[in-house]
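Trainee: pasting a predicted model and its sequence here:
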Amino acid sequence: MPPTFDKNTGSPNINLFVFISALFITLLLSSNLIAIKLVDLFGQTLPAAILVFPIIYILGDVLTEVYGFKRARQTIFIGFGCNLIFVAIVWTSIQLSPSTAFENQSSYETILGTTPRILLASFCGYLVGELSNSYLLIKIKTATQGKWLWMRTIGSTIVGEGLDSVLFITIAFLPILPLSVVVEMILVQWIVKVTYEIIATPVTYAAVIAVKKSESSLPG
């Protein structure tokens, strides 16, 4: 089944597409900022970004399912560029001499100063994970003739989230944590993300249906 576009113009409804893309990028930037914090989740050590990053994959599934791989890829690369700009601004702010009235420079550097490494980890994991997720989703969609949305969202997530977890955790935390902890984090994060996707499958279905319905009824 081809992507559902506006019936009057033949193009995606720009407002809806921009909204989904903006939400996708906002969550991506947020995940990079909070990823440095490690949290205890059911006795397992995970980055705080586990709260929002699976949602990014769900939105990526919606973009790919409704608009196709090319449009989803555009959003993925725009997110990459926004990350570059964000980190450049953060790095510049750290280099500026603090006012005598600002007493938290060391804390500021401790939290935000790790952003470049987290960004590198995110870039590698994000690009490989998201692109492979979107590409595989389209391939499965073609092979199944548009049937079984659950199969392609979960199947593509298993691969995409697996690659993302390996690259992100290794680059972000291997310099500061023992190898055994890193390996455990990779496995646990992968399992949590895939489980998240499975549980959220009804939400993904609802979102895809709602977006397709809006695209077919709203003016461009």
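Mentor: Structure's in. What do you need?

Trainee: per-residue confidence averaged over stretch 103-119?
Mentor: Per-residue pLDDT over stretch 103-119 has a mean of 80.

Trainee: with only the CA atoms kept, save that stretch in PDB.
Mentor: C-alpha atoms of stretch 103-119 as PDB (Å, rounded to 0.1, in the frame of the first residue of the first chain):
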ATOM      1  CA  GLU A 103      28.800  29.900  40.900                       C
ATOM      2  CA  ASN A 104      27.900  26.700  39.100                       C
ATOM      3  CA  GLN A 105      30.500  26.600  36.200                       C
ATOM      4  CA  SER A 106      32.000  23.200  37.300                       C
ATOM      5  CA  SER A 107      28.600  21.600  37.600                       C
ATOM      6  CA  TYR A 108      27.600  23.100  34.300                       C
ATOM      7  CA  GLU A 109      30.700  21.600  32.600                       C
ATOM      8  CA  THR A 110      30.200  18.300  34.400                       C
ATOM      9  CA  ILE A 111      26.800  17.800  32.900                       C
ATOM     10  CA  LEU A 112      27.000  19.500  29.600                       C
ATOM     11  CA  GLY A 113      30.700  19.000  29.000                       C
ATOM     12  CA  THR A 114      30.200  15.300  28.300                       C
ATOM     13  CA  THR A 115      27.700  16.100  25.500                       C
ATOM     14  CA  PRO A 116      30.300  15.700  22.600                       C
ATOM     15  CA  ARG A 117      31.000  12.100  23.600                       C
ATOM     16  CA  ILE A 118      27.300  11.400  24.100                       C
ATOM     17  CA  LEU A 119      26.600  13.100  20.800                       C
END
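
Trainee: which helix or strand contains the residue positioned nearest the centre of the chain?
Mentor: The residue lying closest to the centre of the chain (Cα atoms, centre = their mean) is Ile56, at 3.6 Å. Counting by DSSP states H and E, the element that carries Ile56 is helix 53-67.

Trainee: show me which residues of the helix or strand just after that helix are buried.
Mentor: For helix 53-67, the succeeding helix or strand toward the C-terminus, using DSSP H and E, is helix 69-95. Neighbour counts over helix 69-95 (16 or more other Cβ atoms under 10 Å) mark Phe69, Arg71, Ala72, Arg73, Thr75, Ile76, Gly79, Phe80, Asn83, Phe86, Val87, Val90 as buried. Bear in mind the C-beta positions are built from the backbone N, C-alpha and C, glycine included.

Trainee: wait, which of the residues you listed is closest to Ile140?
Mentor: Phe69 (11.9 Å; Cβ to Cβ).

Trainee: so the closest one makes contact with Ile140?
Mentor: No: applying Cβ atoms under 8 Å, one finds Phe69 not in contact with Ile140, separated by 11.9 Å.

Trainee: what is the rounded mean pLDDT of the helix holding Ile56?
Mentor: 89.

Trainee: now do it against helix 69-95: the angle between them, please.
Mentor: Inter-element angle recorded for helix 53-67 and helix 69-95: 140 degrees (by axes from the mean of the first three to the mean of the last three Cα atoms, to 10 degrees).
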